[in-house]
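K.L.:
Sequence isn't available, so here's the structure alone:
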């Protein structure tokens, strides 16, 4: 579908094995490296690490209809993050534009930590997740029954529950130490601020599923390219609004 897509290759991790999970190890190493030099990219990645750990826990606890599929989705999704990061580190202009916006803003510390977090979430969900879902669903989609397709969607939606269960900890452990005013907001609004963020991300992920369905159902190459450009443009527009 794109040169970015072709750079990502499936991993060989064991299902739900956080103890020796290379994705978790790489995230931890990058966070330590970035925190040592006050690189604000550690904010999004710390959030992403917490989410990944909670997803691995949910997989181990058999919370999904197809744990092997969700595990592959989790690691394939992370691959997109690392491929974009590697491209950015080698030549920033070679990274997807939406990731250029996110990484540039974080490295230059131009905004509030919450903005930098949302820029990373926007790039990874609104762009990377569409590609990830198409990667995994396209080879099997035509052979799946309607019931099996519905189960894939159910698993996609259950990830929203894991995200919602992680947001409060992200705010307490990642955002508030770098943005103390969030502690006051949390005390004033109670769970309202977490609900607002959960609602935003859930809405994004629903649109991501619809975008993936469009790509799966479109056979004509030019139309698929147009849809993908629109997906990227929408994510990029939000990213630019946030900076």
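P.N.:
Alright, I've got the coordinates. Model, not experiment: these values are computed from the prediction. Numbering: from 1, shown residues only.
K.L.:
which is the next helix or strand following the lowest-mean-pLDDT helix or strand in the chain?
P.N.:
Counting by mean pLDDT, DSSP states H and E, the chain has its least confident helix or strand at helix 181-189, which shows a mean of 42. Remark: after helix 181-189, the chain's next helix or strand is helix 192-217, criterion DSSP states H and E.
K.L.:
Mind listing what's buried along that next one?
P.N.:
For helix 192-217, the neighbour count (16 or more other CB atoms under 10 Å) marks 193-194, 197-198, 201-202, 204-205, 208-209, 211-216 as buried. No exception for glycine: its C-beta is placed from N, CA and C like everyone else's.
K.L.:
Quick check, residue 35 in contact with residue 42.
P.N.:
Yes. If you go by CB atoms under 8 Å, residue 35 and residue 42 touch, sitting 4.9 Å apart.
K.L.:
more crowded one of those two?
P.N.:
Ranked by neighbour count (other CB atoms under 10 Å), residue 35 and residue 42 place residue 42 first, with 23 against 15.
K.L.:
That one and residue 166, how far apart?
P.N.:
Distance, residue 42 to residue 166, by CB to CB, to the nearest Å: 17 Å.
K.L.:
Check the secondary structure at residue 62 for me.
P.N.:
Three-state call for residue 62 (DSSP: H, G, I helix; E, B strand; the rest coil): coil.
K.L.:
Tell me how many other residues crowd it.
P.N.:
So residue 62, with other CB under 10 Å, has 9 neighbours.
K.L.:
Which pLDDT value goes with it?
P.N.:
We have a pLDDT of 97 for residue 62.
K.L.:
Residue 102 - nearest residue in space that isn't next to it in sequence?
P.N.:
Nearest non-adjacent residue to residue 102, counting by CB to CB, 6 or more residues apart in numbering: residue 119, 4.1 Å away.
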